[in-house]
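Peer 1: coords please:
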Amino acid sequence: MLNAPARTPVPSSYDALLDDLVASTGRTVAVPTPSTGETLVELPRSSADDVRGAVSRARLAQLAWARAGFARRRAVLLRAHDLLLERREQLLDLAQLESGKTRGQAFEEVYAALSVTRWNALKARSVLGGGRRRGVVPIAVSTRVRYRPKGVAGVITPWNYAVALAAMDVVPALAAGCAVVQKADDQGALSILALRRAYIDAGLPEALWAVVAGEADEVGEAVTDEVDYICFTGSTATGRRIAEKAGRRLVGASLELGGKNALLVLDDVDVEQAAADAAYACFSSMGQLCVSAERIYVDRRIADPFTAALVARLSDPRIGSGLDHEADYGSLATASQLERVRAHLDDAVDKGARVLVGGRHRPDLGPWAFEPTVLTDVTPDMRVCTEETFGAVVSLSVVDGETEAVLVANESEYGLNASVLSGSTRRGTRLASQIDAGSINVNEGYRGSFGSVDAPMGGLKQSGIGRRNGREGLLRFVDPVTMSVNHRIVGLPHSGRDFARMIPLFILLARVLRGVRRA
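Peer 2: Below is the predicted model of the structure:
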């Protein structure tokens with residue numbers, strides 16, 4: 001069953017959201033909605049000067065925000081959490097209208113934002129509160145560590161999961177006492193502005209979180225030039241350039257970059273369940289998710305029944321972008337996404353790949369609607385084999401046993417996410433531990449690790465550096481500062497004679513600590 005596109009009205013409330021965008025150039029750009037291709041909003045453009053002004057205002061606001069303390073920040077974040085819950089329908093609408101995803105997949109975003117907000121509100125003090133550490137001479141010297149907010153964080157957020165990814169970077173920065181200047185992608189700006197508005201209405205100072213939008217060459221560069229820490233989610237090529245700039249400026253960066261994520265299907269699975277899991281892992285948000293599976297490796301002993309089950313599941317997909325729960329699969333988000341998917345598909349077919357299911361553009365369902373597509377007979381000379389497609393095309397290959405499955409999964413230069421489907425949790429976990437990826441899911445595509453906001457998320461190899469979420473996600477926004485106090489209980493040595501007298505005591509101390517197993 002295929003759902004026809006519905007005309008989408010543009011609510012007048014968007015004007016109020018646009019008032020929150022830092023922009024003074026007078027220029028706008030038309031942003032279309034994937035459901036119809038019609039203009040969703042005329043988005044104002046920011047300039048490099050706008051960015052610099054936003055950073056200056058954020059620096060002033062950050063000083064007071066850092067001094068406000070954990071209790072104040074916790075109260076604001078928890079109020080924001082409740083407002084997000086109240087306003088969830090607006091956020092769901094915007095996420096769908098901007099990205100073309102289904103309502104259920106939009107809900108994954110909103111739920112992630114709720115979880116991230118709640119976790120950081122409740123955990124920031126325990127993670128960042130600092131405390132006592134053992135001094136060089138116990139009792140005589142006391143040492144404490146405190147965590148100093150880095151200042152202004154720059155967050156560059158893509159369009160594909162604008163609500164979730166914005167929350168995962170912005171909220172821990174705020175919880176840590178930082179300010180944020182965020183560059184929103186044109187196709188996700190309304191969602192980010194609606195997210196921000198909930199925090200402002202909860203009591204967050206407006207200057208503390210500024211949102212800008214504009215060309216990457218101007219606005220993105222200005223953000224990375226001005227801030228004290230950089231969070232970027234996007235392509236590996238762009239991430240390398242940002243890392244180089246951060247290195248020259250000696251500021252920190254966390255970069256979640258590309259992926260060519262592998263999904264292993266072992267020979268002990270229930271093939272119908274595995275097909276359902278694989279279809280969702282590959283085609284949630286039509287594959288436009290950094291942790292979507294793009295390579296399926298299935299054990300030869302169950303390859304035929306699994307392939308048949310997967311093809312059957314995808315042969316009559318419910319495609320649509322209505323603001324309801326009727327569709328199982330959404331749309332590609334932009335014309336450029338459609339062009340990329342077609343380029344990878346055409347290249348593969350021209351070089352001998354076979355289309356098992358899908359492979360068709362469906363303009364009758366939306367300007368950039370495309371059927372979920374599975375290829376086989378994919379070879380290394382095809383772009384779809386090694387390049388990130390970030391769209392509705394995946395490759396399926398047959399392997400002979402566990403060892404080959406792990407080897408081919410690890411052949412990629414990327415290491416963002418991976419999945420293992422198995423009838424045995426123990427077996428699946430054992431294989432998962434052998435895969436080179438920053439997050440690995442057993443009997444699930446990505447939602448286990450993506451939604452576990454108490455745990456770090458990030459990539460290995462060319463998939464990035466740094467981590468978001470969990471303790472690691474908070475600690476990236478602070479600098480540890482160590483303070484030690486000599487209480488003058490024991491005089492520390494200053495002269496050669498002092499050292500001669502004191503060294504035997506330090507040797508005795510080292511032996512005692514070793515004996516009682518103290519660090």
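Peer 1: pretty sure Val180 is touching Leu208, no?
Peer 2: Yes. Look at Val180 against Leu208 with CB atoms under 8 Å: they come within range, at 7.1 Å. To be clear about C-beta, it is placed using only N, CA and C from the backbone, and glycine gets the same treatment.
Peer 1: mutual contacts of those two, please.
Peer 2: Residues touching both Val180 and Leu208 (CB atoms under 8 Å, 6 or more residues apart in numbering) are 58, 174.
Peer 1: so for the two, which residue has more residues nearby?
Peer 2: Val180 (27 against 23; other CB atoms under 10 Å).
Peer 1: so who does that one touch?
Peer 2: Contacts of Val180 (CB under 8 Å, 6+ apart): 58, 152-155, 170, 173-174, 208-210.
Peer 1: and what of His494?
Peer 2: Taking CB under 8 Å, 6+ apart as the definition of contact, His494 has no neighbours.
Peer 1: where does the spatially most central residue of the chain sit: helix, strand or coil?
Peer 2: Central residue of the chain (CA atoms, centre = their mean): Leu165, 4.8 Å from the mean position. What DSSP: H, G, I helix; E, B strand; the rest coil gives for Leu165 is helix.
Peer 1: local confidence estimate at it?
Peer 2: On pLDDT, Leu165 comes in at 98.
Peer 1: quickly note the distance from Ala165 to Phe390.
Peer 2: You called it Ala, but residue 165 is Leu. Between Leu165 and Phe390 the computed distance is 14 Å (CB to CB, to the nearest Å).
Peer 1: over to Leu195?
Peer 2: From Leu195 to Phe390 the distance is 23 Å (CB to CB).
Peer 1: looking at the two, which has the bigger crowd around it?
Peer 2: Using other CB under 10 Å, the more surrounded residue of Leu195 and Phe390 is Leu195, with 31 against 25.
Peer 1: doesn't Ala167 make contact with the more buried one?
Peer 2: Yes. Assessed by CB under 8 Å, Leu195 is found in contact with Ala167 at 6.6 Å.
Peer 1: name the residues contacting each of the two.
Peer 2: Ala113.
Peer 1: tell me the mean pLDDT for stretch 495-506?
Peer 2: 93.
Peer 1: name the residues that touch that stretch?
Peer 2: 491-493.
Peer 1: stretch 458-478: how far from the chain's middle?
Peer 2: Put simply, stretch 458-478 sits 10 Å off its chain's centre (CA atoms, centre = their mean, to the nearest Å).
Peer 1: give me the buried stretch members for that stretch, please.
Peer 2: 458-459, 461-478 (16 or more other CB atoms under 10 Å).
Peer 1: OK, contacts around Arg87?
Peer 2: 194, 198.
Peer 1: ok, Asn469 touching Pro456?
Peer 2: Yes. Between Asn469 and Pro456 there is a contact at 5.8 Å, judged by CB under 8 Å.
Peer 1: and Thr25, what is it in contact with?
Peer 2: 44-47, 50, 214.
Peer 1: any regions of this structure where pLDDT drops low?
Peer 2: 1-13 (pLDDT under 70).
Peer 1: which one of the contacts of stretch 495-506 is nearest to Leu77?
Peer 2: Leu492 (44.0 Å; CB to CB).
Peer 1: how about that closest one, what does it touch?
Peer 2: Contacts of Leu492 by CB under 8 Å, 6+ apart are 137, 140-141, 486, 498, 502.
Peer 1: could you pull out the strands for the stretch 151-300 of the chain?
Peer 2: Secondary structure of the stretch 151-300 of the chain (DSSP state E, counting those that start in this stretch): strands located at 152-157, 179-184, 209-212, 229-233, 252-256, 261-265, 293-299.
Peer 1: reformat the contacts of Val180 as a markdown table; add distance to Arg74.
Peer 2: Rendered in a markdown table, the data for the contacts of Val180 read as follows (distance: CB to CB, whole Å):
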| residue | distance to Arg74 |
| --- | --- |
| Ala58 | 21 |
| Val152 | 21 |
| Ala153 | 19 |
| Gly154 | 24 |
| Val155 | 21 |
| Val170 | 16 |
| Ala173 | 15 |
| Leu174 | 11 |
| Leu208 | 15 |
| Trp209 | 17 |
| Ala210 | 22 |
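Peer 1: which one of the residues you listed sits closest to Gly37?
Peer 2: Val155 (29.0 Å).
Peer 1: that closest one is in contact with Gln182, isn't it?
Peer 2: Yes. Contact criterion CB under 8 Å: Val155 and Gln182 qualify, at 4.2 Å.
Peer 1: overlap in contacts of these two?
Peer 2: 166, 169-170.
Peer 1: top of the residues you listed by number of neighbours, please.
Peer 2: Ala166 (29 neighbours).
Peer 1: pretty sure it contacts Leu195?
Peer 2: Yes. The pair Ala166 / Leu195 is scored as a contact, 5.8 Å apart, by CB under 8 Å.
Peer 1: between those two, what contacts are shared?
Peer 2: Ala113.
Peer 1: burial count for Gly515?
Peer 2: The burial count for Gly515: 8, using other CB under 10 Å.
Peer 1: how close does the residue lying closest to Leu83 once chain neighbours are set aside sit to Arg134?
Peer 2: In space, not counting the residues next to it along the chain, Leu83 is nearest to Ala198; the distance is 4.1 Å by CB to CB, 6 or more residues apart in numbering. The gap separating Ala198 from Arg134 is 43 Å, by CB to CB.
Peer 1: how about Arg118?
Peer 2: Counting by CB to CB, the gap from Arg118 to Arg134 is 34 Å.
Peer 1: give the buried residues for the helix or strand containing Val398.
Peer 2: Per DSSP states H and E: Val398 is located in strand 393-399. By neighbour count on 16+ other CB under 10 Å, the buried set for strand 393-399 is 393-399.
Peer 1: my guess is Ala58 meets Ala173, correct?
Peer 2: No. Using CB under 8 Å, Ala58 is not in contact with Ala173; the gap is 10.7 Å.
Peer 1: overlap of the contact sets of those two?
Peer 2: 179-180.
Peer 1: neighbour count winner among the two?
Peer 2: Applying other CB under 10 Å to Ala58 and Ala173 shows that Ala173 carries more neighbours, namely 29 against 25.
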